Structure formats: structure tokens, C-alpha cells
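Visitor: coords please:
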Amino acid sequence: MKKQHSKISNFIQKIISEDIQNKKITHVKTRFPPEPNGYLHLGHAKSICLNFDLAQEFKGTCNLRFDDTNPKNEDTCYINSIIQDIKWLEYKWHNKIRYASLYFNKIYQYAIKLIKKGLAYVDQLSPEEIRTFRGTLTTSGIDSPYRTQSIEKNLNLFKKMKQGKMLEGTACLRAKIDMASNCITMRDPVLYRIIFSKHHQTNKKWCIYPTYDFTHCISDALEKITHSLCTLEFQDHRKLYEWILKKIDISCNTHQYEFSRLKLEYSVLSKRKLNLLVNNKVVNGWDDPRMPTLSGLRNRGYTPSSIKLFCKKIGITKQENTIQLSFLESCIRSDLNPIAPRYMAVIHPIKIQICNLSDNYEEILNIPNHPTKPNMGCHKSIFSNTLYIDQNDFYENKSELLKKLAIGKEIRLRYSYVIKAHKIKKDQNNNIKTIFCTYDKNTLGKNPKNRKILGVIHWISEKNVLPARFFLYDKLFTIQSPETVKNFLQYINTNSLVIKYGFVEKDILTNISTTAYQFEREGYFCINKNFSITKNLTFNRIVTLKDKIK
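Guide: Numbers count the residues shown, from 1 in each chain. All right, here's what the predicted structure looks like:
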């Protein structure tokens, strides 16, 4: 028999290949099952890419199912955001969107079945008592006094729970497994609890809701999922997953497999900690470009291709490790470098006066939109006697080692002439206001004779400027692993957003629909669509350049 998949890049692919070869399955079915209680982040992207890509690779299908089992924390705004994010990543789920709540009637009947088998009971201990009775990693749990109730009493109490005749926190349905188990998850886990909250899908039909552990495996089985993939923190839950499916006698061929969750330098991916960032107004909402949420990354200027490339490159293993932020940044650079048109932007402007040119002098220069792709064409720029360069490209004290403009030193203007600085003019605060220079008219596109010019800098003519604002984004934290410290909010980078006012070339308006631009020697930028292009043109810095022209 010919192998369908000769190239195996992770252990889950190997498992699926072997399952197909051994005829354990005939059709691969995966699923992405988010809880609609928050916004998706990079960690979710890893799971999305894994599940959808595996289904595509093995010519199977992938379901989108919302595990909506806790109406207190859920909202349709999260559902809409999750749908938008998955569509943005250019994935298509199989048939209609599914909700665990669609299976509530069946799940309830399975709970009744467990009670009738003597495998579940209604416990009236308080939530605090249940936690105490459960024991610890080093001590066994203690049986609840309600554990030995008759099946009939448990059925009656569970019915009362469903009818809303018992208050929240006064009763729950627990599986009867083993309070002495080495796996705490198996110490009579809660299967149902009372929640008097309106549900976004079922309204007020239910006042009891199945737990995630009880719902998840049954939903997988009902949808005939073959490979249920989750992160390593659910490894201990696999025993419960298998126990439930076995005890409710459901016909299925589904198995759970775990992989390591994503950890990223200088970031937090915990939903609780991300909430704190938003609630403490450290960031401007869940879609702030500094957030690791997919909506935040989208606003920052990251592309679907770059996110998918990142998820592909980090791979799937069982080993926990922290991914360097530079790895993510390299993916967006790789994606944008071939397609981003090049323009010049001066973010920290300082004026240059060309003394050997008249005020009315204008020379039109053709600037390539991409250095290696002639098919991307050119745009026109103006060379005149008044220009702007970046403050960082002028050094008041001459140094041959620095590739910068200085008094008595020459430097080349990108795609233009060589200029030489002669003197400066300062304002009353001792800040340089104007640099007076001359240009060598014989140096357009060629080097001067007998002189070596070190350094090339970007510039814009005063006759070709468009005022713009630049949001310069950086790491949100000052330490590499904020997830590991208790008071992580103490390590916020106060310079994670720096706002600068400068200029871009006017011609950029002809390319206003472009996804992203490379501002030469500065980085990749995109237009911030929250602001008016005509009244308040604003650019977000997506990422700096890896290699700058010096």
C-alpha cells in the first residue's frame, strides 16, 4: 500500500498517519472548541492552525464548536470576535457552526444514565467543602457524606436542580469514581452545577449546566471527532475523558492527545492576566496593537500568513519551551519583505538647507518601489533646496567611524546626491534647528571621484512632505517571562508606545490601500484605520527592520 504522507513533521501527524494505515479510521475529523468568554490570542492560533491544517492535510474536516457551558462569563461579542479571527486566518470550518449547548438535552440524559448506573450522585457540600474533601497531591480525598445516597434520591435531587428548586452553590452532580485516586481530576469531579444566568443560545431554558470536562468528551463523540487535540494542562483530564465515554456507553472512536501550549517572550497569554491589562487600562482594550490577541496583532499590522508561518515554524511537541519574540517578528518580516512598497518617512525630522540650490529649484527623481522587484514600479520624489532628515542621522561631533552626517563630512541621500554639512543653527534651547549643506551635482547615481562616501541616509523634500503621526510599538514588558512573576504589572514597559510626529512622501496616498509599507531604514508600518487619513494620518509600526542601511 502506498503511503499517503511520507513527510512527518510532528508526533500528531505520525499518530494520524498510523491510524489511517492501520485502518483505525477512514476519515479524519478535528475540531477547534473555544470557550466564548474572551478574545483569541496567539496560543489559540497555534491550536487553530494545528486542527485546521491537519484536517486539510489528511483530506478530513474540522469543526468549529463553541464550548458554551458557563453563561456567567460568555457573550455573543466573543463569539463574533472568534468567528472574525478564524475567518481572518483564512480557515473554513465544516458545515455550520456548532455549540455545545445544542447537545444539552443529550448530555442531560447521559447524566441521568450515570445516576441510574450508580456512577453519579448529587452532592450538597458547599464548593469550599468539596475542595477541602478532595485532598491534595500528597493526601487522599475524603468521601462526601452524600456519596452513598440511593439512586432514587439522586434522581429526585437532580430533577429538583433542573427545575430550579435549589439555589446556586447548594448542590452539584458529581461522578462517583475514586476519592483516593492519584489523579485529583478523578476524585469525583463535578459534572453539573446550578447557574441562574441567561444563556446566549438557550435563553432561560436551563438553570443547570454541564462542566467543561463532562461536555467536551460527549460533544467530541457526538460529532465523531477522531483526534481531540488540547494543550498539556488537560493531560490529567484524559482519564476522565475516557472514563465518561466508556461509562455512558456511547459509540465513538475519539481519542484525546496533548501538545505543549505556546509561551512567548515579553508576553502574557493567560486570560486572567490579559484581563488585568485591559481593566487596569495598561492597554487600550483587547485589540490594542501591543496585545498578543489576534485582533491586537491584526491592528498592529500582522498578516494571516505571518501568523500561520509562525505557528508552522514553532512546531508541535510535548516539550514546554518559551518562543523568542524575535521569531515572531522574523515571520512578519519574511511575509512583508517581498510585497511591501518602499517609501521614505522622517520620524524625527530636522531641517537641511542646501545652500547651492535656489529656493525654486525642483528635480523629479524616480524612486523604485522595491529594490529587487522592478515590476512593482517606481514613484516620483522631489529634490529641492529644503529637505528633512532624521535627527539620529546627524552627529554634531565629526567621527569617521559613524556613518552619519556631521560638520565637514559628506553623506549620500538615498537615491539622490551626496551632500556635505558646513554649519548648524540652534534655537534658544540649544536644539539644532537647521543644518546648512551643499550638494555635489555630479553624484546622482554615482560616487564622486577620489572620495569615499560612508553612509546612506533617507530624506524627504519640504515640497514633497505629508505630515504624519507614528505609533512606535515595542515590547509590553521589560522582562522576558512576565508570566512567571507574581506582580507582573510592575514590569510594564512605559515606552511600549511612543508617539512621534514627522513626515512621509506625498506619493504614499496613491498606495493607500496597501497592506503595509517599508519605511526605509525604519521598519514596516501600516495605516492606523482608527484615524482619518485626510485629517490625522497615522501609521502603526509593525516591526523594526532586522538589517538597517547604515
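Visitor: where do the helices sit along the stretch 101-250 of the chain?
Guide: 104-116, 127-134, 151-162, 212-222, 238-247 (DSSP state H, counting those that start in this stretch).
Visitor: quick one, which of those is packed in tightest?
Guide: Stretch with highest mean neighbour count among the helices of the stretch 101-250 of the chain: helix 212-222 (a mean of 23; mean count of other Cβ atoms under 10 Å). Backbone N, C-alpha and C define where each C-beta goes, glycine included.
Visitor: Against which helices or strands is that helix packed?
Guide: Helix 212-222 is packed against helix 104-116, strand 190-194, strand 227-231, helix 238-247, with contacts defined by 3 or more Cβ pairs under 8 Å, 6 or more residues apart in numbering; DSSP states H and E.
Visitor: My guess is Ile12 contacts Leu50. True?
Guide: Yes: using Cβ atoms under 8 Å, Ile12 is in contact with Leu50, at 7.3 Å.
Visitor: Looking at these two, which one has more neighbours?
Guide: When Ile12 and Leu50 are compared for neighbours, Leu50 comes out ahead with 23 against 20, by other Cβ atoms under 10 Å.
Visitor: I'd assumed the more buried one was in a helix, is it?
Guide: Yes: note on Leu50: a helix contains this position according to DSSP: H, G, I helix; E, B strand; the rest coil.
Visitor: show me what contacts Ser144?
Guide: 121, 123, 125, 130, 133, 174, 188 (Cβ atoms under 8 Å, 6 or more residues apart in numbering).
Visitor: where are the low-confidence patches of the stretch 151-300 of the chain?
Guide: The model of the stretch 151-300 of the chain has no residue with pLDDT under 70.
Visitor: got the contact list for the residue in the chain sticking out farthest from the centre?
Guide: The C-alpha centroid of the chain is most remote from Asn450, which lies 52.9 Å away (Cα atoms, centre = their mean). Contact analysis of Asn450 by Cβ under 8 Å, 6+ apart lists nothing.
Visitor: what about it, distance to His41?
Guide: To His41, Asn450 is 58 Å away according to Cβ to Cβ, to the nearest Å.
Visitor: Ile83 too?
Guide: 16 Å.
Visitor: For these two, indicate the residue with more neighbours.
Guide: Higher neighbour count among Ile83 and His41: His41, with 25 against 16, using other Cβ under 10 Å.
Visitor: ok, now which ones touch Phe394?
Guide: 350, 404-406, 421, 432, 435.
Visitor: gap between it and Asn385?
Guide: Taking Cβ to Cβ, one finds Phe394 at 18 Å from Asn385.
Visitor: Gly164 too?
Guide: From Gly164 across to Asn385, the span is 82 Å (Cβ to Cβ).
Visitor: Which one's more surrounded, those two?
Guide: A count of neighbours by other Cβ under 10 Å puts Asn385 above the other of Gly164 and Asn385, at 20 against 13.
Visitor: Find me the pLDDT at the more buried one, would you?
Guide: Predicted confidence (pLDDT) for Asn385: 98.
Visitor: what bits of the stretch 1-150 of the chain have low per-residue confidence?
Guide: 1-8.
Visitor: Would you map the strands across it?
Guide: Under the criterion DSSP state E, counting those that start in this stretch, the stretch 1-150 of the chain contains strands at 29-32, 61-66, 98-99, 120-123.
Visitor: Include mean neighbour count and distance to Lys446 when you put the ones you listed into JSON lines, please.
Guide: Compiled in JSON lines, the strands of the stretch 1-150 of the chain are given as follows (neighbours: other Cβ atoms under 10 Å; distance: least, Cβ to Cβ, whole Å):
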{"stretch": "strand 29-32", "mean neighbour count": "24", "distance to Lys446": "58"}
{"stretch": "strand 61-66", "mean neighbour count": "23", "distance to Lys446": "58"}
{"stretch": "strand 98-99", "mean neighbour count": "20", "distance to Lys446": "66"}
{"stretch": "strand 120-123", "mean neighbour count": "24", "distance to Lys446": "85"}
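Visitor: For Phe196, grab the count of nearby residues.
Guide: Using other Cβ under 10 Å, Phe196 has 13 neighbouring residues.
Visitor: Could you chop this structure up by domain?
Guide: 99-215, 342-544 (automatic domain parsing).
Visitor: how far is the longest one from where the chain is centred?
Guide: Meaning domain 342-544. 30 Å (Cα atoms, centre = their mean, to the nearest Å).
Visitor: now the end-to-end length of it.
Guide: By Cα to Cα, to the nearest Å, the extent of domain 342-544 from end to end equals 14 Å.
Visitor: Start the count at 844 instead of 1 going forward.
Guide: Okay, using 844 as the starting number, the last item reads as domain 1185-1387.
Visitor: picking up where we left off before, could I get the helices and strands packed on helix 1055-1065 as a markdown table with distance to Ser987?
Guide: Shown next, in a markdown table, are the helices and strands packed on helix 1055-1065 (distance: least, Cβ to Cβ, whole Å):
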| stretch | distance to Ser987 |
| --- | --- |
| helix 947-959 | 15 |
| strand 1033-1037 | 11 |
| strand 1070-1074 | 29 |
| helix 1081-1090 | 18 |
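Visitor: can you tell me which of these comes nearest to Gly903?
Guide: Closest to Gly903 of the helices and strands packed on helix 1055-1065, according to Cβ to Cβ: strand 1070-1074, at 9.0 Å.
Visitor: and the closest one, what does it pack onto?
Guide: helix 854-864, strand 872-875, helix 885-900, helix 1055-1065, strand 1098-1102.
Visitor: how does it look with 7 Å?
Guide: strand 1098-1102 (3 or more Cβ pairs under 7 Å, 6 or more residues apart in numbering; DSSP states H and E).
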